[in-house]
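>>> Provided below are the primary sequence and the corresponding predicted coordinates.
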Amino acid sequence: DGELMFQQVPLVEIDGMKLVQTRAILSYIAGRYNLYGKDLKERALIDMYVEGITDLMQMILMFPFLPPEAKEKNLESIKEKATNRYFPVFEKALKQHGQDFLVGNKFSWADVQLTEAILAVEEKIPAVLSAFPQLQAFKTRMSNMPTIKKFLQPGSPRKPPPDEHYVQTVRKILKI
Amino acid sequence: MAGKPKLHYTNGRGKMESIRWLLAAAGVEFEEEFIEKKEDLEKIRNDGSLLFQQVPMVEIDGMKMVQTRAILSYIAGKYNLYGKDLKERAWIDMYVEGTTDLMGMIMILPLQPADTKAKHLALIIERATTRYFPVYEKALKDHGHDYLVGNKLSWADIHLLEAILMAEECKADILSAFPLLQAFKGRISNVPTIKKFLQPGSKRKPQPDEKYIANVRKIFNV
């Protein structure tokens, strides 16, 4: 019925718009709710961090749809990328400025995205933060922020990790 | 005042080309340092210049920016090519994501194995003509303005022109069913900064050839 600009979901109806394209939706929400830094340069740093985290999350997203024989190798790849490429960047950032939040000493989209990524990777690799004390403290801090704490409790709209049934349903709907 | 932006990438289109387009359209002169062999990439990885060990990387305004979208968003914001408010920015973001998906398909075409190339090309043409171009044709038709968003030149227009030209390289008459996009192409190509970028001698890069692809495979292990 013409609701999906590029025939794809996610679609979010918000403020009279039918927004598609995940990044466009996230950027809009971040801007609207003051989670996008105070100026262009802070926004640039948030964008860089978010894009990196998105690349890592993409690996997690694709994982359930891989053939069984590719899964173990892919899991190794996720672990390697998380511990060698992505997490060290955020560990270093937090260590260098010593502040509670990644950018501008203020809660932003980057903090939310990183928290989500940490929890998603931990579901696959429970000890993944063992070499990252700053990130461990960050995870605790973020998890205790009232709105996030609420989202992490049962009964929130947060979705569980995909199970076989979900994967089959998605394959059928999206024909993949 | 900082010097000119400096682009770090191979001497070809890839993911840096959209950044070259946007800077050129904004009238911003830039410098380039080309990665010609693996050692060049290793060097900027080892000296800490690459936040996630990847290129594109653009030195701009005292930052070493990485991640294509982050770089493009920054340039668009800085040079007033990102709409007048949050909602216009959302529209520009949506449109740009679509052209990014299309150009992404075209970008990887030369890397496809020979036996799937024809199929991949067919998919590009199908997606361009049934999923992407109709959206922009309709947008232009609905508001009747010269530009996609807010009756003003924006990143979305520049990105769409780049995508149109790339798609035409795949199939010369790919715009045959899209009269408004044909007119759009003519109009945006004539914006003075863009017209200059489309002329020989500019920093616009040619289509990848076999030699370039072989070198890219070596440098990036793909």
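Thanks, I have it. It should be emphasised that the depicted structure is a prediction, and the values quoted were computed from it without experimental measurement. Numbering: from 1, shown residues only, chains lettered A, B, ... in the order given.

>>> quick one: contacts for A:G31?
Listed by C-beta atoms under 8 Å, 6 or more residues apart in numbering or on different chains, the contact partners of A:G31 are B:L86, B:R89. C-betas here are computed from N, CA, C, even on glycine.

>>> okay, it and A:A24: tell me how far apart.
Using C-beta to C-beta, to the nearest Å, A:G31 is found at 11 Å from A:A24.

>>> repeat that for A:Y49.
Taking C-beta to C-beta as the measure, A:Y49 and A:A24 are separated by 18 Å.

>>> and if you look at B:I158?
Plainly put, B:I158 is 17 Å away from A:A24 if you go by C-beta to C-beta.

>>> between those two, who's got more neighbours?
Counting neighbours by other C-beta atoms under 10 Å in any protein chain shown for B:I158 and for A:A24 shows that B:I158 has the greater number, 27 against 24.

>>> is the more buried one in contact with B:Y82, as I believe?
No: using C-beta atoms under 8 Å, B:I158 makes no contact with B:Y82, being 11.3 Å away.

>>> helix, strand, or coil at B:E59?
Assigned state for B:E59: strand (three-state reduction, DSSP: H, G, I helix; E, B strand; the rest coil).

>>> what's across from the closest residue to it other than its chain neighbours in the sheet?
Counting by C-beta to C-beta, 6 or more residues apart in numbering or on different chains, B:E59 lies nearest to B:K6, which is 4.2 Å off, once chain neighbours are set aside. Judged by DSSP bridges, the bridge partners of B:K6 are B:E31, B:E59.

>>> report the buried residues of stretch B:31-40.
B:I35, B:D40 (16 or more other C-beta atoms under 10 Å in any protein chain shown).

>>> name the residues that touch it?
Contacts made with stretch B:31-40 from outside it, assessed by C-beta under 8 Å, 6+ apart, are listed as B:4-11, B:41, B:44, B:55, B:203, B:215, B:218-219.

>>> mind checking which of those residues are buried?
Buried residues within the contacts of stretch B:31-40, counting neighbours by 16+ other C-beta under 10 Å: B:P5, B:L7, B:H8, B:Y9, B:T10, B:L41, B:I44, B:V55, B:N215, B:I219.

>>> show me what contacts the fourth one?
What that stands for is B:Y9. With contact taken as C-beta under 8 Å, 6+ apart, B:Y9 is in contact with B:K15, B:M16, B:E32, B:F34, B:I35, B:V55, B:P56, B:M57.

>>> if we go to 7 Å?
B:M16, B:I35, B:V55, B:P56 (C-beta atoms under 7 Å, 6 or more residues apart in numbering or on different chains).

>>> equivalent analysis for the last one, please.
Shown in contact with B:I219 (C-beta under 7 Å, 6+ apart): B:T10, B:I35, B:K37, B:K38, B:L41.

>>> got the buried residues for the longest helix belonging to chain A?
Taking residue count as the measure and DSSP state H as the definition, the longest helix of chain A comes out as helix A:40-62. Applying a neighbour-count criterion of 16+ other C-beta under 10 Å, one finds A:41-57, A:59-60 buried in helix A:40-62.

>>> for stretch B:41-50, same thing?
Here stretch B:41-50 shows B:L41, B:I44, B:L50 as buried, counting by 16+ other C-beta under 10 Å.

>>> so for the first one, what's the pLDDT?
Looking back up the chat, that one is B:L41. Here the pLDDT value assigned to B:L41 is 98.

>>> from B:V135, how far out is B:L72?
19 Å.

>>> which one of the two has more residues nearby?
Ranked by neighbour count (other C-beta under 10 Å), B:L72 and B:V135 place B:L72 first, with 27 against 18.

>>> where along chain A do the strands fall?
Along chain A, the stretches classed as strands by DSSP state E are A:11-14, A:17-20.

>>> quick check: mean pLDDT of stretch B:20-35?
98.

>>> and for stretch B:137-151?
Rounded to a whole number, the mean pLDDT of stretch B:137-151 is 98.

>>> in it, what counts as buried?
Going by 16+ other C-beta under 10 Å, stretch B:137-151 has these buried residues: B:E137, B:A139, B:L140, B:Y147, B:L148, B:V149, B:G150.
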